[in-house]
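Q: have a look at this fold, sequence not included:
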Ligand code: TYD
């Protein structure tokens, strides 16, 4: 879908931080044609689903239930935020989308990539991103930088090997479909990554 851009990466890579810096830049430079949003959540009902998914108390959650909840949050978020914004001619910049489900639920949880692709095809229909930015940093480096995983976040708290599977999964998706991804090296300073991110968006004509 034209004008629908997503950003992905492993936990701790600084994706949300970089997105917030970009949002601030857009505010300061009057680029109000870009709508910033995130998953899971992003709208009122979807944020309620997010709380259930990420709550560390819900340790008994079945993996398939988790996959359906991410998809459910996605359906609601598309309806409330993404579709109306695109219909109004805006650009949507979304922090995580289906590729997170492919690698976290499909590969990390081991539910199977094809099953999660099928499940999400039902959830999103035509609303696949025009392209996806991947902030590239291995989980080892990401967790080293942030001083370990956040144990109050049910997803971050899982074993290190899970996050390595997620990272390898992203790399495999990119290799399979390189035209749909822009890879940004996130191992440098915050400023370097931010500059690279803006450059991609200027080059693509998203930032003006
Ligand atoms: P969040 O706090 O948004 O992660 P971050 O700021 O680190 O990007 O939490 C989202 C968590 O949910 C994160 O661990 C990735 C995971 N996730 C999935 O497992 N599947 C999905 O489809 C999505 C959107 C996120």
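A: Structure's in. What do you need? Just so it is clear, the model here is predicted, and its values are computed rather than measured. Residues are numbered from 1 along each chain as shown.
Q: in terms of secondary structure, what does the one helix or strand residue 135 maps to contact?
A: Using DSSP states H and E, residue 135 sits in strand 131-136. Strand 131-136 is packed against strand 4-8, strand 181-185, helix 190-203, with contacts defined by 3 or more C-beta pairs under 8 Å, 6 or more residues apart in numbering; DSSP states H and E. The C-beta positions use only the backbone N, C-alpha and C, and glycine is treated the same way.
Q: ok, how many other residues are close to the nearest residue to residue 208 once chain neighbours are set aside?
A: Spatially, and ignoring its direct neighbours in sequence, residue 208 is nearest to residue 31 (6.3 Å; C-beta to C-beta, 6 or more residues apart in numbering). Burial of residue 31 is recorded as 16 neighbouring residues (other C-beta atoms under 10 Å).
Q: let's verify residue 31: helix, strand, or coil?
A: On the three-state scheme (DSSP: H, G, I helix; E, B strand; the rest coil), residue 31 is labelled coil.
Q: next, find the distance separating it from the ligand.
A: Distance, residue 31 to the ligand, using C-beta to the nearest ligand atom, to the nearest Å: 23 Å.
Q: any idea which residue sits dead centre in the chain?
A: For the chain, the residue nearest the mean C-alpha position is residue 96 (1.3 Å; C-alpha atoms, centre = their mean).
Q: what's the most buried one of the helices and strands packed on strand 131-136?
A: Most buried of those by mean neighbour count (mean count of other C-beta atoms under 10 Å) is strand 4-8; its value is a mean of 24.
Q: doesn't residue 110 belong to a helix?
A: No - counting by three-state DSSP, residue 110 is not part of a helix but coil.
Q: what is the burial count for it?
A: The tally of other residues near residue 110 (other C-beta under 10 Å) stands at 11.
Q: list the residues that contact it.
A: residue 63 (C-beta atoms under 8 Å, 6 or more residues apart in numbering).
Q: look up how far residue 35 lies from it.
A: To residue 35, residue 110 is 34 Å away according to C-beta to C-beta, to the nearest Å.
Q: which elements pack onto the helix or strand of the chain with the lowest mean pLDDT?
A: Least confident element among the helices and strands of the chain, by mean pLDDT, DSSP states H and E: helix 139-146 (a mean of 88). Other helices and strands packing on helix 139-146, by 3+ C-beta pairs under 8 Å, 6+ apart, are helix 160-176.
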